[in-house]
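**Q** Sequence and predicted model, in that order:
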Amino acid sequence: MSHKNKQWRQKFRTEWLKDKLFENWLVSKKDHSGELVAFCKYCVCALSSNKYGDLKAHGATKKHISASNTVAPSRQPSMSSIVQKATTLNKVKLAEAKASLFIAEHCSILAIDHLGKTFVLLIAAC
């Protein structure tokens with residue numbers, strides 16, 4: 001096969017992941033040969049051509065627009081916000097448990113001075 005007939009194939013570029021047009025839905029996946037290919041999170045499909053124009057065209061398809069309206073980032077909370085809320089909730093639960101154990105161990109009327117110091121430490125930990 002001569003060099004003239006060989007078609008050049010675009011490889012996936014990681015810069016595309018930061019592009020404003022693609023940042024919400026484009027991720028990279030490895031195909032069966034181990035090369036990176038573009039993957040649409042909304043449509044759950046691989047875009048094997050790896051051409052910038054094809055990615056833009058995919059973003060304008062009815063299937064993609066319909067899927068993006070269903071799974072829009074503004075409508076679906078991110079995992080980091082859920083994990084952060086759970087972590088804060090766990091800290092509050094731990095602080096409440098420590099306060100309950102302090103009251104159970106010491107008579108709450110006799111240890112009121114120490115209880116104030118304990119609450120300051122517990123609130124600072126949250």
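**A** Yep, that arrived.
**Q** in the protein, which spans are strands?
**A** Taking DSSP state E, the strands of the chain run over residues 26-30, 36-40, 45-47.
**Q** Identify, out of the ones you listed, the most deeply packed stretch.
**A** Between the strands of the chain, strand 36-40 has the highest mean count of neighbours, a mean of 19, where neighbours are mean count of other C-beta atoms under 10 Å. Using the backbone N, CA and C atoms, a C-beta is placed for each residue, glycine as well.
**Q** any idea how far that one is from the chain center?
**A** Relative to its parent chain, strand 36-40 has a centroid offset of 18 Å by C-alpha atoms, centre = their mean, to the nearest Å.
**Q** Residues contacting that strand, please?
**A** 11-12, 16, 25-31, 45-48, 50, 55, 58, 64, 67 (C-beta atoms under 8 Å, 6 or more residues apart in numbering).
**Q** could you give me the average pLDDT of that strand?
**A** The average pLDDT within strand 36-40 is 89.
**Q** Report the residue ranges of every domain in the protein.
**A** For the chain, the structural domains run 14-70, 79-125, going by automatic domain parsing.
**Q** list the helices and strands the top helix by length along the chain packs on?
**A** Secondary structure of the chain per DSSP state H: the longest helix is helix 79-105. Using 3 or more C-beta pairs under 8 Å, 6 or more residues apart in numbering; DSSP states H and E as the contact definition, the elements that helix 79-105 packs against are helix 112-125.
**Q** gap between the helix it packs on and the chain center?
**A** In terms of C-alpha atoms, centre = their mean, the gap separating the centre of helix 112-125 from the centre of its chain is 35 Å.
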